[in-house]
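[1] here is the input, now give the coordinates:
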Amino acid sequence: MAKRERVVRMSVEQPLWRALTGYRVLTMVYAVLLFAFGRERYERPWVALLYLAFLCVWTLATLPKVANAASCTKRFLVADLTVALVGILLTPLADAQAQSVDHSTLPTIWTAGSVLAYAIKGGWRWAGVASSLVAVANLVERGHPSRDTLHNVLLVWVASIAIGYVVEVARASERTLARALEIEAATRERERLARDIHDGVLQVLAMVQRRGTALGGEAADLGRMAGEQEVALRTLVAGGLNRPSLVSEDESEGAVVRVVEEDEEYDDGPVDLRLLLAPRAGAKVTLSEPGAPVLLAPPAARELAAAVGAALDNVRVHAGSGARAWILVEDWPDEVIVTVRDDGPGIPEGRLAQAEGEGRMGVALSIRGRLRDLGGTAELISVPGQGTEVELKVPRGKAGQGR
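    As a prediction, this is how the structure comes out:
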């Protein structure tokens, strides 16, 4: 059986890293233009020119470092913040009036990019440390800080901590979502395996038990052992459905959810449901179908045909050897309906709930479970003495998508 693996990578951080990359480039250009248009006010323009030249080279050379969390190392963060702090402290040397007039620092708002890198990488605590260092450097550079300086310092401090906190919350939500998706995928896979086991191994074990008991002698011992293995396997299947699973997480790139899908074939074209149900017809099973093909996606058609087979197995096992069954296929524009009806003795009230409690999951897994995976429903109507009817409905859109 061929297998394929679909990897779903989710990361709420990646858009933030892309935005930070663009922010650093734009603010670098802004700092250069601000110097170019206000060059006459600098007493030592060569100091500003040398620093801004280094700032441009540093920004462009370190763009890969702010591409994702894995590339943005602690060493880089320290060096990047050092570049910003040195630029702030060099401002009075290039502009002697910077301490008496509210002139912008050499790196201007480029400094906020360094602080935001701390926030995205390490959360609000790292952002608080980085923004505090920037605040101290600004206060030292001003000497006698004005109200505008305090306002700008407070704004950077609050904004960086808020962004860091939002990143931490988003990261935790991402891990929770990944864990939920992994558990859901694992549960569906266990249910599928349980259906396959019920349709094959458990049916054979039940038949061996019945035939062995009827034959007697050594065959009765084989039947007894088959019955014990059937009970043990049913218990294992029922218990496995509630077993939790583990999630593989990679915080640097976002959580990774791996979902394994199994398909016997990878036909892109739809399958005629009538061809899959035709082998079910026989002397005691009547098949009524439309004259035109009933086209479904291959996985959906196989699952629906398997559910019909499970319903017929129940007729053969529980309705008696003389019972007859009828299969009716209806192809509507918005849904496909398959009805399986028999003339057996029917199901006593409460028998299905009792069977599920004993680990007999034939109806719950082989029929309802399959239809639930297809986005459809399975309704069972049974009146004691008047037979049983199972109606399987699959919405056309979801049936076209398959499992």
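[2] got the contact list for residue 64?
    residue 71 (CB atoms under 8 Å, 6 or more residues apart in numbering). The C-beta positions use only the backbone N, C-alpha and C, and glycine is treated the same way.
[3] show the backbone phi and psi for the residue of the chain most remote from its centre.
    In the chain, counting by CA atoms, centre = their mean, residue 43 sits farthest out from the average C-alpha position, at 58.7 Å. Note on residue 43: backbone dihedrals following degrees, to the nearest 10 are phi -70, psi -30.
[4] I'd like to know how far it sits from residue 308.
    Look at residue 43 and residue 308: by CB to CB, to the nearest Å, they are 89 Å apart.
[5] what number of residues lie near the closest residue to residue 278 other than its chain neighbours?
    Leaving aside its sequence neighbours, residue 278 sits nearest to residue 287 (CB to CB, 6 or more residues apart in numbering; 6.8 Å). Applying the criterion other CB atoms under 10 Å, we find 17 residues in the vicinity of residue 287.
[6] returning to what we had before: wait, doesn't the residue farthest from the centre of the chain sit right on residue 91?
    No. Between residue 43 and residue 91 there is no contact under CB atoms under 8 Å: 11.5 Å.
[7] can you list the buried residues in stretch 327-337?
    327, 329, 331, 335, 336 (16 or more other CB atoms under 10 Å).
[8] then stretch 26-46?
    When neighbours are counted by 16+ other CB under 10 Å, the buried residues of stretch 26-46 are found to be 27, 28, 31, 32, 34, 35, 42.
[9] format the residues you listed as JSON lines; extra columns: secondary structure, pLDDT and distance to residue 313.
    Output for those, formatted as JSON lines (DSSP: H, G, I helix; E, B strand; the rest coil; pLDDT from 0 to 100; distance: CB to CB, whole Å):
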{"residue": "27", "secondary structure": "helix", "pLDDT": "93", "distance to residue 313": "70"}
{"residue": "28", "secondary structure": "helix", "pLDDT": "94", "distance to residue 313": "71"}
{"residue": "31", "secondary structure": "helix", "pLDDT": "91", "distance to residue 313": "76"}
{"residue": "32", "secondary structure": "helix", "pLDDT": "92", "distance to residue 313": "77"}
{"residue": "34", "secondary structure": "helix", "pLDDT": "89", "distance to residue 313": "79"}
{"residue": "35", "secondary structure": "helix", "pLDDT": "88", "distance to residue 313": "82"}
{"residue": "42", "secondary structure": "coil", "pLDDT": "82", "distance to residue 313": "89"}
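[10] can you give me the strands in the stretch 151-300 of the chain?
    Counting by DSSP state E, counting those that start in this stretch, the stretch 151-300 of the chain has strands at residues 256-262, 271-272, 285-288, 295-296.
[11] lowest average pLDDT across these?
    Set side by side, the strands of the stretch 151-300 of the chain show their lowest mean pLDDT on strand 256-262, which sits at a mean of 40.
[12] distance to residue 323 added to the buried residues of stretch 26-46, as TSV?
    Below are the buried residues of stretch 26-46 laid out as TSV (distance: CB to CB, whole Å):
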residue	distance to residue 323
27	79
28	81
31	86
32	87
34	89
35	92
42	99
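[13] between the residues you listed, which sits nearest residue 184?
    Residue 184 has its nearest neighbour among the buried residues of stretch 26-46 in residue 27, at 43.2 Å by CB to CB.
[14] surely that closest one meets residue 109?
    Yes. Contact between residue 27 and residue 109 holds when scored by CB under 8 Å: they sit 5.2 Å apart.
[15] any low-confidence regions in the stretch 151-300 of the chain?
    Confidence mapping of the stretch 151-300 of the chain against pLDDT under 70 gives the ranges 190-203, 228-268.
[16] for it, just list every one of the helices.
    Per DSSP state H, counting those that start in this stretch, the stretch 151-300 of the chain carries helices over the ranges 203-215, 218-240, 273-277, 298-318.
[17] and if you look at the stretch 1-150 of the chain?
    Secondary structure of the stretch 1-150 of the chain (DSSP H, counting those that start in this stretch): helices located at 14-37, 45-61, 74-94, 110-122, 124-142, 147-197.
[18] what would those helices look like in a markdown table with distance to residue 226?
    Converted to a markdown table, the helices of the stretch 1-150 of the chain look like this (distance: least, CB to CB, whole Å):
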| stretch | distance to residue 226 |
| --- | --- |
| helix 14-37 | 55 |
| helix 45-61 | 72 |
| helix 74-94 | 63 |
| helix 110-122 | 61 |
| helix 124-142 | 62 |
| helix 147-197 | 14 |
